[in-house]
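Asker: sequence and computational prediction follow.
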Amino acid sequence: KMSDSLFTMLMTKKPGNFAEQIVYEDDKVMAFLDKFPQVPGHTLVVPKVQVEKVHELNEETAAAVGIAVAKVAAKVVEATGTDQYNIMVNNGKDSGQEVPHVHFHIIPRKAGDYSASWAKSIEQTRTAANPRPDKLPDDGEFTGDLKAIRDKIRG
């Protein structure tokens, strides 16, 4: 059995004033204000079951998380007065995940606070080993590597 993640510990033990951070809870999901917010209202939506990545969630939990993300996003919009926000999830250390327990960030945004997107961060670290793929074709059938990856994703 893996050891409890920081989020599992917080959700089960609720140390110190952690209860103050909680903004939503149901039987499968908890949402709480990020301890180190990027902006006011920065909220995390976290399944109670401890898995590291989105694709490791079972369908029932994934559905519950999706519903909770939508509900909490609506509450964040109401609370912050902005209907502009990012919903972000990092899957694995190389994507920027710091706590190995899947979690969705809801980050309210407003005019003028946008600096670099995830796409820009990929561009800024682009190397010969990480070339940018070509734009997808506008017509005709997909072929080669593009067809192969598309078919693999389709299953």
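Answerer: That came in fine, so what should we check first?

Asker: okay, CA-based contacts and neighbour counts for the rest of this
Answerer: Noted.

Asker: quick one: least confident helix or strand in the chain?
Answerer: Using mean pLDDT, DSSP states H and E, the weakest-scoring helix or strand in the chain turns out to be helix 118-124, at a mean of 69.

Asker: that helix: what's the following helix or strand?
Answerer: Once the chain leaves helix 118-124, the next helix or strand it forms, by DSSP states H and E, is helix 144-154.

Asker: which residue comes closest to the most centrally placed residue in the chain once chain neighbours are left out?
Answerer: By C-alpha atoms, centre = their mean, the mean C-alpha position of the chain lies nearest to residue 89, the distance being 1.7 Å. Excluding the flanking residues, the one nearest residue 89 by C-alpha to C-alpha, 6 or more residues apart in numbering is residue 104, at 4.8 Å.

Asker: correct me, but the one you found touches residue 86?
Answerer: No. Distance between residue 104 and residue 86: 9.8 Å, which falls outside the contact criterion (C-alpha atoms under 8 Å).

Asker: between those two, who's got more neighbours?
Answerer: More crowded of residue 104 and residue 86, by other C-alpha atoms under 10 Å: residue 104, with 20 against 13.

Asker: if that one is in a bridge, with which residues?
Answerer: Counting by DSSP bridges, residue 104 is bridged to residue 45.
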